[in-house]
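Colleague: Could you work out the structure for the sequence below:
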Amino acid sequence: MTEKLLPVELTDSFNARLDDIEAFLEQADASFAFDRLIQELRSTVIPNLQRFPRIGRPYLDQAPQSAEALTQLAALPAGAPDALREYLHSDYLILYTVTKDPEIVYLLSIRHHRQLTFDFALLWSSGPSSQKQ
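Modeller: Okay, the predicted model is just below:
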């Protein structure tokens, strides 16, 4: 029996955060850590999300406390905040969503644990709804 693997797509905002992480690690003289992150995304994170797209916990399980984050969440389309999930991998928090028809995993953002927040309005504008043609 063949296991159904969902496609995983990287959004523009996810790629931009990867660029930020690369620059941060280069400044810290730790380029090797970025290479390792890319390898782990390919070998572990993406395959896990293809097989188990709901492996991450719902983002709102730990509701944001700041007024800024709550305001950004309120500005999203109806149901969008409930679709956000977070996947922890090593020192990184990955924000993603899974669409229903068709089922696709969209990687929205990635942050090193030392980074503070996500820009939800930007994520959603470059996320699943803008990826559809």
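Colleague: drop to CA atoms for contacts and neighbour counts, all remaining ones
Modeller: Will do.
Colleague: element containing residue 19, please.
Modeller: Using DSSP states H and E, the element containing residue 19 is helix 12-27.
Colleague: next helix or strand past that helix?
Modeller: Counting by DSSP H and E, the next helix or strand C-terminal to helix 12-27 is helix 31-40.
Colleague: For that following helix, buried residues please.
Modeller: Judged by neighbour count (16 or more other C-alpha atoms under 10 Å), helix 31-40 contains these buried residues: 31, 34, 37.
Colleague: So for the helix or strand following that helix, what gets flagged as buried?
Modeller: Sequence order places helix 46-51 as the next helix or strand after helix 31-40, per DSSP H and E. Neighbour-count burial for helix 46-51 flags 46-50 (criterion: 16+ other C-alpha under 10 Å).
Colleague: Just list what helix 46-51 packs against, helices and strands only.
Modeller: Contacts defined by 3 or more C-alpha pairs under 8 Å, 6 or more residues apart in numbering; DSSP states H and E place helix 46-51 against strand 8-10.
Colleague: which other residues reach the strand it packs on?
Modeller: 46, 49-50, 104-108 (C-alpha atoms under 8 Å, 6 or more residues apart in numbering).
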